[in-house]
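S.K.: just to be clear, the model below is a prediction. Sequence and coordinates:
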Amino acid sequence: MSVSPIIRYRNGPDDRGVSRQSRVAYAATRRLVRPFIASAPITMQSIRVAVLLDRIAGVLREPCNIFRERVQLDGFPLEIVRPEGEHRDMRDGVVLYFHGGAFLCCGLNTHRRVVASIAKRTRMPVVSVDYRQLPRTRIEGSTADCLAAYRWLLDQGARGENVVFAGDSAGGFLTFSTALAAREAGLPLPAGLIGLSPLLNLDCSDRRYFRNAHRDPFTTVRAVAAVCRLASGHRRRVDPMQSPVNRDLSGLPPTLLMAGETEVLLADAELMARRLARADVACTLEIWRGQVHAFPALYPDLPESRAALREVAAFITERIGSDVRRSDRIA
């Protein structure tokens with residue numbers, strides 16, 4: 001007998017309505033970001049240009065009151081982010097974070113603010129993985145790097161029961177593909193999984209008929225399909241077993257999914273919630289009204305993003321068993 005997913009609709013930081021800041025961000029994203037994504041061809045040349053995004057983000061002011069340490073693994077780096085003055089051992093609890101970026105852009109710099117926010121709220125170290133992306137590797141290589149990062153954590157003394165995987169967008173895909181790869185490798189599963197607007201299905205045929213196919217303020221079905229074809233290495237029909245939603249999900253740990261009400265990838269979150277329930281895996285899906293794709297990572301200072309990150313921190317600490325700070329003043 002399968003369990004039922006918990007589905008919650010959120011109407012703002014206090015459930016009394018979408019904030020003014022979010023309404024402005026939503027409109028700006030629809031007018032400025034979506035037209036660019038819709039018109040830009042996704043080719044290997046454009047991928048090389050997209051790589052510059054993380055370098056540009058590197059000149060921005062970094063979050064305050066954090067300490068970060070870089071570790072070089074074989075072919076890619078990690079960044080350990082801790083709240084200033086916090087020296088908790090990773091054996092006592094750690095978050096492994098996989099950034100989004102359509103498997104082709106973003107990295108440690110673009111996602112440092114959301115990583116720092118999680119670290120401050122949980123008082124735990126967060127390990128951000130700068131896995132290889134297109135054009136250096138495809139999805140299998142990205143997953144292999146994320147699994148290598150998890151192996152490294154275990155080698156440092158971390159225990160699966162004290163680790164939570166989290167990621168946004170393409171990083172949400174890697175959250176699940178890495179957990180499944182860990183199971184196949186005989187490694188302990190993490191204590192929990194978090195997907196923020198996760199991409200979980202590489203087959204976009206059904207998305208064309210999804211209710212949000214033309215409502216998403218951030219991207220288009222066509223752009224998502226192009227990314228999926230490139231990242232999967234298939235020009236025409238993708239292998240269904242590459243998609244986490246089509247895999248054997250039994251035995252996975254409790255999961256938290258979040259998505260915006262009008263985004264295309266809500267289809268993936270809803271499908272995953274149903275299939276996790278069918279596999280007897282506890283799952284909570286939060287659907288946020290008036291929010292864009294991956295809003296806690298894209299706009300971490302919005303009132304709704306802060307509220308969502310409080311929920312993320314609460315889930316993490318519940319799974320690992322620590323106290324969480326809930327102050328709105330934490331950036």
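M.R.: On my side now, so go ahead. Computed from a prediction, not measured in an experiment: that's the story for all the values here. Residues are numbered from 1 along each chain as shown.

S.K.: next, count neighbours for C64.
M.R.: 9 (other CB atoms under 10 Å). Heads up, the C-betas are built off the backbone N, CA and C, glycines and all.

S.K.: verify the contact between P83 and S117 for me.
M.R.: No - using CB atoms under 8 Å, P83 makes no contact with S117, being 10.3 Å away.

S.K.: can you list residues touching both of these two?
M.R.: Common neighbours of P83 and S117, using CB atoms under 8 Å, 6 or more residues apart in numbering, do not exist here.

S.K.: looking at these two, which one has more neighbours?
M.R.: Between P83 and S117, counted using other CB under 10 Å, S117 has the larger neighbour count: 26 against 21.

S.K.: before we move on, what SS does F218 have?
M.R.: What DSSP: H, G, I helix; E, B strand; the rest coil gives for F218 is coil.

S.K.: A166 now?
M.R.: What three-state DSSP gives for A166 is strand.

S.K.: measure it to A158 for me?
M.R.: Going from A166 to A158 by CB to CB, to the nearest Å gives 15 Å.

S.K.: which stretches of this protein form strands?
M.R.: Counting by DSSP state E, the chain has these strands, from start to end: 6-10, 66-72, 77-83, 94-98, 126-129, 163-168, 192-196, 255-260, 283-288.

S.K.: so which elements touch the fifth one?
M.R.: When you say that, I think you mean strand 126-129. strand 77-83, strand 94-98, helix 112-122, helix 139-155 (3 or more CB pairs under 8 Å, 6 or more residues apart in numbering; DSSP states H and E).

S.K.: mind putting those in TSV, distance to E286 included?
M.R.: As requested, these are exported to TSV (distance: least, CB to CB, whole Å):
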stretch	distance to E286
strand 77-83	24
strand 94-98	18
helix 112-122	16
helix 139-155	24
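
S.K.: so which of the ones you listed gets nearest H234?
M.R.: Ranking the helices and strands packed on strand 126-129 by their distance to H234 (criterion: CB to CB) puts helix 139-155 first, at 10.3 Å.

S.K.: one step back: deepest of the helices and strands packed on strand 126-129, which one?
M.R.: strand 94-98 (a mean of 28; mean count of other CB atoms under 10 Å).

S.K.: which elements pack onto that strand?
M.R.: On a contact count with 3+ CB pairs under 8 Å, 6+ apart, strand 94-98 meets helix 112-122, strand 126-129, helix 139-155, strand 163-168, helix 170-184.

S.K.: closest to A307 out of the helices and strands packed on strand 126-129?
M.R.: Of the helices and strands packed on strand 126-129, nearest to A307 by CB to CB is helix 112-122, at 11.4 Å.

S.K.: kindly present the strands of the chain as CSV, with separate columns for distance to S232 and mean pLDDT.
M.R.: Below are those laid out as CSV (distance: least, CB to CB, whole Å; pLDDT from 0 to 100):
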stretch, distance to S232, mean pLDDT
strand 6-10, 29, 94
strand 66-72, 28, 95
strand 77-83, 25, 96
strand 94-98, 17, 98
strand 126-129, 20, 98
strand 163-168, 17, 98
strand 192-196, 18, 98
strand 255-260, 22, 98
strand 283-288, 25, 98
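
S.K.: redo the ones you listed as a markdown table? Include distance to A269.
M.R.: Below are the strands of the chain laid out as a markdown table (distance: least, CB to CB, whole Å):
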| stretch | distance to A269 |
| --- | --- |
| strand 6-10 | 10 |
| strand 66-72 | 29 |
| strand 77-83 | 26 |
| strand 94-98 | 16 |
| strand 126-129 | 22 |
| strand 163-168 | 12 |
| strand 192-196 | 7 |
| strand 255-260 | 4 |
| strand 283-288 | 6 |
